[in-house]
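> sequence-free structure coming up:
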């Protein structure tokens, strides 16, 4: 017999899981639409060459590859791969449909992605991302609106304690240069510095040393990256540290973003964090990450990637995006008890119970009538002892059992048993739906 | 530069496509819930052994296989595969979570599946299925409720002309036996007979001959399978043809299903079609298929599969399901113009236009205010000529442009231009949202 567990790092979602996921997705979607983002969807699979080389060496290894089909299957070669993020497919789409798409174009995309990563708390091999991206503008209004939208979404989900850390790729480069780190060690240094909030200053210093960054540069860097909590103060401090124009422009860009974001739901959430690096290769400007205290890792992240679309279209189109990680959001919401109780809802309002096969036809007719009035109705499929059917309804939280005995069928009536109060009333079948609807709590 | 088209047979969905898909999915979901079905989701990938051998030889070849990762990648071996349908994963889930799941259990599942089939009209390599399945009962109430639910869903989508063809695997076997077809030719004969509505009697006779069915059996079969349009008449005719008990029981089962379905939205939709075979190996009882005149192939199909769950759990659990094919439904809805006009909606209600960088902050504040009141708002990211921004709003169907000039900013007011009427009014910023909301058409 084959095993019955889902593949490693992937999950089955039973009804209550799905309802929780849809609750969160519904809120995020509604907020994204309020910011003028439109829905887009792309296939689960992409041509392999679309994805290879976009995510750095580490990313390449985590791509799920799909075997060629038919006679080529035996070769063991792959030609497709599962979507690794929603950004590269977007860049491909923008290149493919340039003529039809408006400019500026804003889209949201809420779909699963797959990475052959080591599974952990809130880290899966199949997980949903909730992305917003704005294409066609380099204005800091874009970054500020993205921060506003994700802050608004998290706020409506019930989060009151998140911070949006922000940095700029050019500022990072400029600081590394100013600290005396050799250009060819920048990549390795960024990877180490990105862990500052996880492994602390000593850990980072150790990693930097391992990666060949000298003592003096290491010490300078750790001073550079000890950020002040206040945005303006920190930007002033960093402005004084950078020694080249691009670094100064990056500080100016962050200042503009911060000022604009202050008018959005992101007000008070932004922290300048010069050590933030973000792993993905394609970022070119501002980079952002959202954190809460009780979760290592982030609830979401994003940044500007002005060159990625050009890799597909030949002509560069500036772009910036933000991605909320649904799984981690759900993990924290679950742990903190943030889901409304109404989500644990019953599968139906009424269970129609029957004594024998002769009752099945009348039961179906009654069910059809009740459904037509808007009730959610299940016909218990196997006629027999009513006690068993009532027990089933009770165990499922179904509030009413419709009992159709011989007398009721003859009279065109139905006895409605309310399980919670153990009371029952007999109605004319034509009047039953209205009576029940009136007594049900309103549904969201 | 990599290509920008999606993989063969797969599609990108631009905003209006997504809205149409969500419109149809929303209706189907609502109807399924009205019948007491609960949502379930499974991973896109399954362990390869879960899928292999479940769909017949033809099916095996169409499975997308995923290469093993890491050091095993070079071996060219696959260990996972993309979901091929929603039924086999359900059987696995029911086996895995037996202890937690209620019985009877009804679930709906609306997710994509992947098959390396030759692409065609309404036939793709990535496509959504909208499944309902009821587990734990052999009662004909189950089949009747499934037929009622899909008929209700199609009705609410706007279909008024579909037929649900129904047959029974045991009846089919019984008829083949009665016609004198050798047992080992049953499979081949079923494949040929299944094409009766596509290639006609002569075509089927030719195929039967090729598959080794003798002249007499061929002629008998074609007489057997010339179905009468009336359900009762046809069941009487078939009842007289079958010569074994299992065939007679199958006719009786179809009679019970037909009688119960007459009390549902499937009333008048059912046609007995003794030639209907359905390709999948796992069916054991009633099989169903939904057709409309202007689409070859089906809008949906289903059947009873009492042994499939047992292959995973060791103990058999009776089951029956119905699957609506979203892509074909959408193809027909598109061709017939069945989508409501309101789906081609604008990405926002208001575009906030700005003259210069100094206006960006006030624009963000205004946008935040308007959004807080429930409006969908885009801030045009690049300040400059208002004409260009108005043109953008017009091309996107955005009804209002909020103009924030120096005077308005100073006065805390905003000029709202209504593009359709070319009129404009200046409001206090605190009053603008209410004024616009009042003038917008109500949103679904």
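Happy to help now that I have it. Predicted, not measured: the structure shown is a model, and the values here were computed from it.
> only C-alpha atoms from now on, for both contacts and neighbour counts.
Fine.
> excluding chain neighbours, what is closest to residue A:235?
Take residue A:235 and drop its neighbours on the chain: the residue closest to it by Cα to Cα, 6 or more residues apart in numbering or on different chains is residue A:251, 6.4 Å away.
> pretty sure that neighbour sits in a helix.
Yes - judged by DSSP: H, G, I helix; E, B strand; the rest coil, residue A:251 forms part of a helix.
> so which strand or helix has the nearest residue to residue A:101 once chain neighbours are set aside?
Leaving aside its sequence neighbours, residue A:101 sits nearest to residue A:94 (Cα to Cα, 6+ apart; 7.4 Å). Assigned by DSSP states H and E, residue A:94 falls within helix A:87-96.
> any idea which helix or strand comes after that helix?
Using DSSP H and E, the helix or strand that follows helix A:87-96 in sequence is strand A:105-114.
> correct me if wrong: the residue nearest to residue A:101 contacts residue A:311.
No - contact criterion Cα atoms under 8 Å: residue A:94 and residue A:311 do not qualify, at 11.1 Å.
> compute the inter-axis angle for the helix holding residue A:94 and strand A:105-114.
On the basis of axes from the mean of the first three to the mean of the last three Cα atoms, to 10 degrees, helix A:87-96 is oriented at 140 degrees to strand A:105-114.
> and helix A:87-96, how far from the chain's centre?
Counting by Cα atoms, centre = their mean, to the nearest Å, helix A:87-96 is centred 19 Å from the centre of its parent chain.
> before we move on, what about stretch A:14-21?
Stretch A:14-21 sits 15 Å away from the centroid of its parent chain (Cα atoms, centre = their mean).
> what does it rub up against?
Residues outside stretch A:14-21 that contact it (Cα atoms under 8 Å, 6 or more residues apart in numbering or on different chains): A:330, A:339, A:343, A:344, B:38, B:39, B:40, B:41.
> report the two of those residues separated the most.
Pairwise distances across the contacts of stretch A:14-21 (Cα to Cα) peak at 20.0 Å, for the pair A:330 and B:38.
> tell me the centre residue of chain A?
Among the residues of chain A, residue A:326 comes closest to the average C-alpha position under Cα atoms, centre = their mean, at 2.8 Å.
> how far away is that residue from residue B:18?
According to Cα to Cα, to the nearest Å, residue A:326 and residue B:18 sit 20 Å apart.
> and whichever residue of the stretch 151-300 of chain A sits closest to chain B, which of the three is it?
Across the stretch 151-300 of chain A, the shortest distance to chain B (Cα to the nearest Cα) belongs to residue A:263, at 4.9 Å. Using three-state DSSP, the structure places residue A:263 in coil.
> pull the number of nearby residues for it.
Counted by other Cα atoms under 10 Å in any protein chain shown, the residues lying close to residue A:263 total 23.
> could you do residue A:309 as well?
Residue A:309: 25 surrounding residues under other Cα under 10 Å.
> same check, this time on residue A:215
12.
> surely it and residue A:207 touch.
No - Residue A:215 lies out of contact with residue A:207 (Cα under 8 Å); the separation is 11.8 Å.
> hey, what's in contact with both of these two?
Common neighbours of residue A:215 and residue A:207 (Cα under 8 Å, 6+ apart) do not exist.
> on the three-state scheme, the nearest residue to residue A:151 once chain neighbours are set aside is what?
Excluding the flanking residues, the one nearest residue A:151 by Cα to Cα, 6+ apart is residue A:266, at 5.2 Å. Following three-state DSSP, we place residue A:266 in the coil state.
> tell me the buried residues in the longest helix along chain A?
Looking across chain A with DSSP state H, the single longest helix is helix A:15-34. For helix A:15-34, burial by neighbour count (16 or more other Cα atoms under 10 Å in any protein chain shown) applies to A:15-21, A:24-25, A:27-29, A:31-34.
> now stretch A:54-71
Counting neighbours by 16+ other Cα under 10 Å, one finds that the buried residues in stretch A:54-71 are A:54, A:55, A:59, A:61, A:62, A:63, A:64, A:65, A:66, A:67, A:68, A:69.
> is that stretch in proximity to chain B?
Yes - under the criterion of Cα under 8 Å from any Cα of the partner chain, chain B is reached by stretch A:54-71 at A:61, A:62, A:64, A:65, A:66, A:67, A:69, A:70.
> now that stretch, how far from the centre of its chain.
23 Å.
> average model confidence for it?
Taken as a whole, stretch A:54-71 carries a mean pLDDT of 90.
> same deal with stretch A:12-23?
Per-residue pLDDT over stretch A:12-23 has a mean of 97.
> tell me how many other residues surround the residue nearest to residue A:235.
25.
> for residue A:355, same thing?
17.
> what do you get for residue A:182?
Residue A:182: 14 neighbours (other Cα under 10 Å).
> likewise the one 3 residues further on?
Around residue A:185 sit 14 other residues, with neighbours defined as other Cα under 10 Å.
> doesn't it lie inside a strand?
No - read with three-state DSSP, residue A:185 is helix and lies in no strand.
> please report how far residue A:78 lies from residue A:112.
Residue A:78 is 21 Å from residue A:112, by Cα to Cα.
> what do you get for residue A:265?
Using Cα to Cα, residue A:265 is found at 27 Å from residue A:112.
> can you check residue A:197 too?
As judged by Cα to Cα, residue A:197 and residue A:112 stand 28 Å apart.
> over to residue A:393?
Taking Cα to Cα, one finds residue A:393 at 35 Å from residue A:112.
> for residue A:36, same thing?
Going from residue A:36 to residue A:112 by Cα to Cα gives 22 Å.
> so those two - more neighbours on which side?
Between residue A:36 and residue A:112, residue A:36 has the larger neighbour count (other Cα under 10 Å), namely 25 against 20.
> sec struct for the more buried one, please.
Following three-state DSSP, we place residue A:36 in the coil state.
> any idea how far it is from chain B?
Residue A:36 is 5 Å from chain B, where distance means Cα to the nearest Cα, to the nearest Å.
> that residue reaches residue B:375, doesn't it?
No - when contacts are counted by Cα under 8 Å, residue A:36 is not listed as touching residue B:375 (9.6 Å).
> need the overlap of contacts for the two.
Common neighbours of residue A:36 and residue B:375 (criterion: Cα under 8 Å, 6+ apart): residue B:348.
> residues in contact with the residue in the stretch 101-250 of chain A that chain B sits nearest to?
The nearest approach of the stretch 101-250 of chain A to chain B comes at residue A:141, 5.5 Å away (Cα to the nearest Cα). Neighbouring residues of residue A:141 by Cα under 8 Å, 6+ apart: A:257, A:260, B:360, B:379, B:381, B:382.
> so which of those residues belong to strands?
If you go by DSSP state E, these have residue B:379 in strands.
> out of the contacts of residue A:141, who's nearest residue A:293?
Taking Cα to Cα as the measure, residue A:257 is the one of the contacts of residue A:141 closest to residue A:293, at 24.1 Å.
> hmm, the closest one is touching residue A:143, no?
Yes - using Cα under 8 Å, residue A:257 makes contact with residue A:143 at a distance of 6.3 Å.
> who has more neighbours out of those two?
residue A:143 (31 against 22).
> give me the element that one is part of.
Element membership for residue A:143 (DSSP H and E) is helix A:140-157.
> tell me the average confidence for that helix?
Helix A:140-157 carries an average pLDDT of 98.
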